[in-house]
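**Student:** show me how the following folds:
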Amino acid sequence: MSQPLKIVKKKLSSLKTHPINRDIYTSEKSKVRQQEQEALKNSIYEIGLLNPLVVNSNDIVISGHRRLRALRELGEDKVLCRVIDYQNETIALIESNKQRTKDDWEKAKEAELWEKELKKYKKTERPFINQKGVMNIYKELDSKSPQEIATKIVGLSPSQYRKMMVVKKNEPQLFGKEDMSVNEAYNLSKKQPDEKPKTKMDIKMDEVEKYSPELKNQVDAGLVKPTEAYNIMNKDISQVSEYRSHRGQYKKTSLKKEVDKIHTLYGKPKLDEWLEALKEIFPFNLPDRLK
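**Tutor:** Here you go, the predicted structure:
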């Protein structure tokens with residue numbers, strides 16, 4: 001604390017919730033949390049407020065967010081507050097919620113902030129002054145990592161915490177999802193290894209296989225080199241003197257003469273129509289050739 005302790009009465013309308021509290025404790029809408037909140041509100045109504053709220057000098061709440069909500073729902077106007085300016089509000093806020101019921105996602109958020117603050121301390125070696133129960137942890141930094149200490153403080157295993165950080169990195173929309181377990185989210189967020197991109201030769205072999213599965217089998221068996229097989233296919237397509245159709249064996253005429261026949265029968269086809277036809281004949285390497 002940097003200032004003497006003060007207890008004053010403040011208007012509820014002047015008090016603001018802490019942004020870190022909103023970031024960490026996100027399960028307030030769950031049925032269990034709503035039941036707990038209702039029980040707290042009934043207790044305050046019947047017995048009164050047992051402990052003042054803790055706020056900083058800017059009227060931002062450090063401890064007592066659920067009590068503040070209950071008081072507002074009860075229609076109260078003012079509340080007793082301890083005014084404290086902590087050196088480290090992040091740790092003060094987490095420590096003030098030690099007794100709170102939390103799910104694993106909320107614990108992970110606490111651990112993440114603890115780890116961040118411990119790393120800062122390790123660099124500067126400036127302790128968090130006057131925060132009860134916090135000082136002893138710094139001795140552990142000589143033998144343990146900030147992550148080990150942080151997970152121990154909040155009650156998570158290091159392996160569970162690391163899984164949660166993978167979820168946050170790869171699928172942030174799953175991090176903190178109330179209806180999903182940590183393992184479910186982790187399995188969904190694990191990145192699958194990217195499929196190895198095909199080489200130019202792989203594409204050529206796909207074309208060879210489509211043209212002649214038998215020729216591709218010879219390549220796979222090491223009887224024919226890939227380049228040789230590709231050349232055989234191209235030579236066969238381009239230079240044969242005859243071809244067979246369902247009507248029988250025919251002499252192969254020049255491509256120019258065949259195109260002239262097409263022009264006579266159908267008129268001059270559009271370029272797009274030619275390209276579509278060629279794509280069916282050369283589905284694998286046509287795009288590369290067009291370039």
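
**Student:** for this protein, which segments count as helices?
**Tutor:** 19-24, 31-47, 65-73, 89-96, 104-124, 146-154, 158-170, 182-189, 200-211, 213-220, 226-239, 255-266, 271-281, 286-290 (DSSP state H).

**Student:** can you list the ones you listed in JSON lines and add mean pLDDT?
**Tutor:** Converted to JSON lines, the helices of the chain look like this (pLDDT from 0 to 100):
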{"stretch": "helix 19-24", "mean pLDDT": "92"}
{"stretch": "helix 31-47", "mean pLDDT": "88"}
{"stretch": "helix 65-73", "mean pLDDT": "94"}
{"stretch": "helix 89-96", "mean pLDDT": "91"}
{"stretch": "helix 104-124", "mean pLDDT": "89"}
{"stretch": "helix 146-154", "mean pLDDT": "91"}
{"stretch": "helix 158-170", "mean pLDDT": "92"}
{"stretch": "helix 182-189", "mean pLDDT": "90"}
{"stretch": "helix 200-211", "mean pLDDT": "87"}
{"stretch": "helix 213-220", "mean pLDDT": "88"}
{"stretch": "helix 226-239", "mean pLDDT": "76"}
{"stretch": "helix 255-266", "mean pLDDT": "65"}
{"stretch": "helix 271-281", "mean pLDDT": "71"}
{"stretch": "helix 286-290", "mean pLDDT": "55"}
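
**Student:** list the contacts of the closest residue to E140 other than its chain neighbours.
**Tutor:** The shortest distance from E140 to any non-neighbouring residue, by CB to CB, 6 or more residues apart in numbering, is to I149 (5.4 Å). (C-beta placed from N, C-alpha, C; glycine too.) Counting by CB atoms under 8 Å, 6 or more residues apart in numbering, I149 touches 114, 118, 137, 140-141.

**Student:** just put the helices of the chain in a markdown table and tack on distance to C81.
**Tutor:** Shown next, in a markdown table, are the helices of the chain (distance: least, CB to CB, whole Å):
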| stretch | distance to C81 |
| --- | --- |
| helix 19-24 | 15 |
| helix 31-47 | 15 |
| helix 65-73 | 10 |
| helix 89-96 | 13 |
| helix 104-124 | 24 |
| helix 146-154 | 27 |
| helix 158-170 | 34 |
| helix 182-189 | 37 |
| helix 200-211 | 70 |
| helix 213-220 | 79 |
| helix 226-239 | 79 |
| helix 255-266 | 89 |
| helix 271-281 | 75 |
| helix 286-290 | 70 |
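
**Student:** indicate which one of those is closest to K6.
**Tutor:** Smallest distance to K6 across the helices of the chain (CB to CB): 15.9 Å, for helix 89-96.

**Student:** list the buried residues in the closest one.
**Tutor:** Going by neighbour count (16 or more other CB atoms under 10 Å), the buried part of helix 89-96 is 90-96.

**Student:** measure L188 to D206 for me?
**Tutor:** 32 Å (CB to CB, to the nearest Å).

**Student:** higher neighbour count, those two?
**Tutor:** Looking at L188 and D206 with other CB atoms under 10 Å, you find the greater number of neighbours at D206, namely 15 against 12.

**Student:** so what's the most centrally placed residue in the chain closest to, chain neighbours aside?
**Tutor:** Nearest residue to the geometric centre of the chain (CA atoms, centre = their mean): E171, 1.9 Å. Leaving aside its sequence neighbours, E171 sits nearest to S189 (CB to CB, 6+ apart; 3.8 Å).

**Student:** likewise for Q218?
**Tutor:** V224 (4.3 Å).

**Student:** contacting residues for the one you found?
**Tutor:** Counted by CB under 8 Å, 6+ apart, V224 has contacts 215, 218, 232.

**Student:** OK, contacts around the spatially closest residue to the first one that is not a sequence neighbour?
**Tutor:** Nearest non-adjacent residue to L215, counting by CB to CB, 6+ apart: A229, 5.3 Å away. Taking CB under 8 Å, 6+ apart as the criterion, A229 is in contact with 205, 208, 215-216, 218-219.

**Student:** check these and tell me the two furthest apart.
**Tutor:** Most distant of those, by CB to CB, are M205 and Q218, 11.5 Å apart.
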